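Undergrad: please work out how this folds:
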Amino acid sequence: MNTSERTTTATAPAWYELALCAQTGPGFFFPEPGSSLRDAKRLCGACEGRAACLEYALANDERFGVWGGLSESERLALRPRD
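TA: Predicted coordinates:
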């Protein structure tokens, strides 16, 4: 394990170890603009860590990528409005 892998593992949330996204590359969940999110959302739908992932994304204001099975705009719609 190199230094960056050790740092990533040490700082990753507990749910990430069980998450299906940990077994894929980040490009799958952070696709190029205009690319389909369907496959990433399908994988999220089968993941045990989906709810914890979504909670993490909302709590940490993650603005890019698919988190907890939702896109940026879907997560934005869940945020309370002032």
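
Undergrad: quick one: Leu20 and Lys41 touch, right?
TA: No. Judged on Cβ atoms under 8 Å, Leu20 makes no contact with Lys41 at a distance of 11.8 Å. For the C-beta atoms, the positions are set from N, CA and C on the backbone; glycine is no exception.

Undergrad: surely Glu72 meets Gly65?
TA: Yes. With contact defined as Cβ under 8 Å, Glu72 counts as touching Gly65 (7.3 Å).

Undergrad: more neighbours: which of those two?
TA: Legend: neighbour count by other Cβ atoms under 10 Å for Glu72 and Gly65, higher for Gly65 (19 against 15).

Undergrad: return the residues in contact with that one.
TA: Taking Cβ atoms under 8 Å, 6 or more residues apart in numbering, we find Gly65 in contact with 26, 29-30, 72.

Undergrad: that one belongs to a helix?
TA: No. Looking at Gly65 with DSSP: H, G, I helix; E, B strand; the rest coil, it is coil, so not inside a helix.

Undergrad: list just the nearest of the contacts of Gly65 to Pro80.
TA: Glu72 (16.6 Å; Cβ to Cβ).

Undergrad: against Glu32, how distant is the closest one?
TA: Using Cβ to Cβ, to the nearest Å, Glu72 is found at 14 Å from Glu32.

Undergrad: do Ala19 as well
TA: 22 Å.

Undergrad: what's the answer for Thr11, then?
TA: Distance of Thr11 to Glu32, computed by Cβ to Cβ: 26 Å.

Undergrad: ok, for Gly45, nearest residue in space, not its chain neighbours?
TA: Sequence neighbours aside, Gly69 is the residue nearest to Gly45 in space, at 5.7 Å (criterion: Cβ to Cβ, 6 or more residues apart in numbering).

Undergrad: spit out the contact partners of that neighbour.
TA: By Cβ under 8 Å, 6+ apart, the contact set of Gly69 is 41, 44-45, 47, 50, 53-54.

Undergrad: hmm, try it at 10 Å
TA: 37, 40-47, 50-51, 53-54, 75 (Cβ atoms under 10 Å, 6 or more residues apart in numbering).

Undergrad: and if you look at Arg50?
TA: Listed by Cβ under 10 Å, 6+ apart, the contact partners of Arg50 are 15, 19-21, 43-44, 67-70.
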